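S.K.: I would like to see how this sequence folds:
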Amino acid sequence: MNKWVVVVVVLLLGLGAWYFYTATQPVEPEVVVEAPPPVRTAVPDTAPPAVMEAEEPEVAVQPEPGIQAVTQPRVEEIPLPMLEDSDAVVLGSLGGLIGMPAVGRYVVSDNVISRIVATIDTLGSRQIPGVVQVVQGPESIFVATANDQPEEIIRNEEGDEIPQFVIDPANFHRYTPYVEMLEGVDVNELVGLYRSHSPLFRQAYQQMGYADGDFDGRLAEIIDELLATPVAGQPVELMKPEAYFLFTDPELEARPAGQKILLRMGNENAARVKVKLLEIRQAL
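M.R.: Numbers count the residues shown, from 1 in each chain. This is a model prediction of the structure:
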């Protein structure tokens with residue numbers, strides 16, 4: 001079965017986009033906020049199909065005098081589907097890696113490669129649009145405890161006090177299945193198989209407006225950015241000026257979405273993820 005390294009990375013990191021789509025709830029001593037289901041909007045696909053690499057011709061070796069000629073065996077290339085027809089192949093291959101029940105639970109089933117590419121690209125932005133998400137969120141709900149005695153009162157433009165919270169440490173366990181899934185992956189195998197299917201990822205990246213199609217470079221850049229995520233002080237403080245939680249610390253809030261996901265999953269989980277990301281980065 002074919003497996004994609006970027007699929008595994010997105011399974012772990014793309015779920016963090018749910019943080020930015022938390023619905024507003026009344027302020028209580030403990031505030032429980034449930035994220036809405038992912039939007040399954042199809043990603044348009046208008047670019048021409050990926051070009052399959054040509055098969056290697058048989059190579060005849062010129063014999064030395066008295067030695068019979070030997071023909072090298074032909075290496076058969078596995079044909080790639082067109083991007084718009086690749087969902088079944090991607091989901092089936094991913095099922096060979098983590099099991100079909102997990103695929104059905106965690107992965108959106110349409111425009112998978114295009115969503116993967118878009119999600120990884122937007123890990124470097126301030127937040128991840130819901131329409132590109134490829135991963136279903138955790139089953140448990142996000143819990144933030146009201147901070148009734150913050151170090152500093154924060155007010156909005158109208159002068160009203162903005163509610164403040166801290167992340168409940170119980171949330172960190174929500175990410176344990178994703179972390180364990182990532183740790184169980186054979187990195188060399190994943191990267192090798194990803195490279196054999198890179199034309200599809202390159203095509204999806206070009207469709208986003210990147211003419212050079214250097215998705216390998218973008219993936220490496222995002223991983224480097226994730227590895228640079230700082231260790232968060234505890235507890236992690238939040239505020240909720242409107243519908244979404246924001247980090248109270250403006251320096252943390254200004255960081256890219258991918259780093260904020262690692263900050264949100266807890267320092268222990270983030271450290272384990274970084275170990276695996278470093279292995280992937282070195283293999284790439």
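
S.K.: in this protein, which spans are helices?
M.R.: According to DSSP state H, the chain carries its helices in the segments 5-13, 87-98, 100-106, 112-122, 176-183, 187-196, 198-207, 215-227, 250-253, 257-264, 267-283.

S.K.: buried ones in the fifth one?
M.R.: Within helix 176-183, the residues scored as buried using 16 or more other Cβ atoms under 10 Å are 177-179, 181-182. From N, CA and C alone the C-beta is placed, and that goes for glycine too.

S.K.: dump that helix to PDB, keeping only the CA atoms.
M.R.: Coordinates of the C-alpha atoms in helix 176-183 are reproduced here as PDB (Å, rounded to 0.1, in the frame of the first residue of the first chain):
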ATOM      1  CA  THR A 176      -2.700  11.700  22.200                       C
ATOM      2  CA  PRO A 177      -4.100   9.400  19.400                       C
ATOM      3  CA  TYR A 178      -2.700  11.700  16.800                       C
ATOM      4  CA  VAL A 179       0.700  11.800  18.400                       C
ATOM      5  CA  GLU A 180       0.900   8.100  18.800                       C
ATOM      6  CA  MET A 181      -0.200   7.600  15.200                       C
ATOM      7  CA  LEU A 182       2.600   9.800  14.000                       C
ATOM      8  CA  GLU A 183       5.200   8.100  16.200                       C
END
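
S.K.: give me the mean pLDDT for it.
M.R.: The average of the pLDDT scores along helix 176-183 is 86.

S.K.: check stretch 219-231 too.
M.R.: Average pLDDT, stretch 219-231: 95.

S.K.: coming back round to it: can you pick out the most distant pair from the buried residues of helix 176-183?
M.R.: Farthest pair in the buried residues of helix 176-183 (Cβ to Cβ) is Pro177 and Leu182. Separation: 9.8 Å.

S.K.: before we move on, the earlier item: distance to Glu268 added to the buried residues of helix 176-183, as TSV?
M.R.: Putting the buried residues of helix 176-183 into TSV (distance: Cβ to Cβ, whole Å) gives the following:
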residue	distance to Glu268
Pro177	15
Tyr178	13
Val179	9
Met181	16
Leu182	14
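
S.K.: from these, which is closest to Leu91?
M.R.: Among those, Met181 lies closest to Leu91 (Cβ to Cβ), at 15.8 Å.

S.K.: the closest one and Ile98, how far apart?
M.R.: Computed with Cβ to Cβ, to the nearest Å, the distance linking Met181 and Ile98 is 6 Å.

S.K.: so what's Arg218 up against?
M.R.: Residues near Arg218 by Cβ atoms under 8 Å, 6 or more residues apart in numbering: 120-121, 205, 210.

S.K.: how about those residues in CSV, adding neighbour count, pLDDT and distance to Ala283?
M.R.: Formatted as CSV, those follow (neighbours: other Cβ atoms under 10 Å; pLDDT from 0 to 100; distance: Cβ to Cβ, whole Å):
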residue, neighbour count, pLDDT, distance to Ala283
Ile120, 26, 93, 16
Asp121, 20, 93, 20
Tyr205, 27, 96, 20
Tyr210, 16, 95, 23
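
S.K.: nearest to Glu225 among these?
M.R.: Using Cβ to Cβ, these come closest to Glu225 at Ile120, 10.9 Å.

S.K.: quick check: closest non-adjacent residue to that closest one.
M.R.: Of all residues not flanking Ile120 in the chain, Ile222 sits nearest, at 5.6 Å (Cβ to Cβ, 6 or more residues apart in numbering).

S.K.: equivalent analysis for Val112, please.
M.R.: Spatially, and ignoring its direct neighbours in sequence, Val112 is nearest to Val90 (4.5 Å; Cβ to Cβ, 6+ apart).

S.K.: was I right to think Ala146 contacts Ile167?
M.R.: No - counting by Cβ atoms under 8 Å, Ile167 is not a contact partner of Ala146; they are 12.0 Å apart.

S.K.: more neighbours, these two?
M.R.: Comparing Ala146 with Ile167 by neighbour count (other Cβ atoms under 10 Å), the higher total belongs to Ile167, at 24 against 16.
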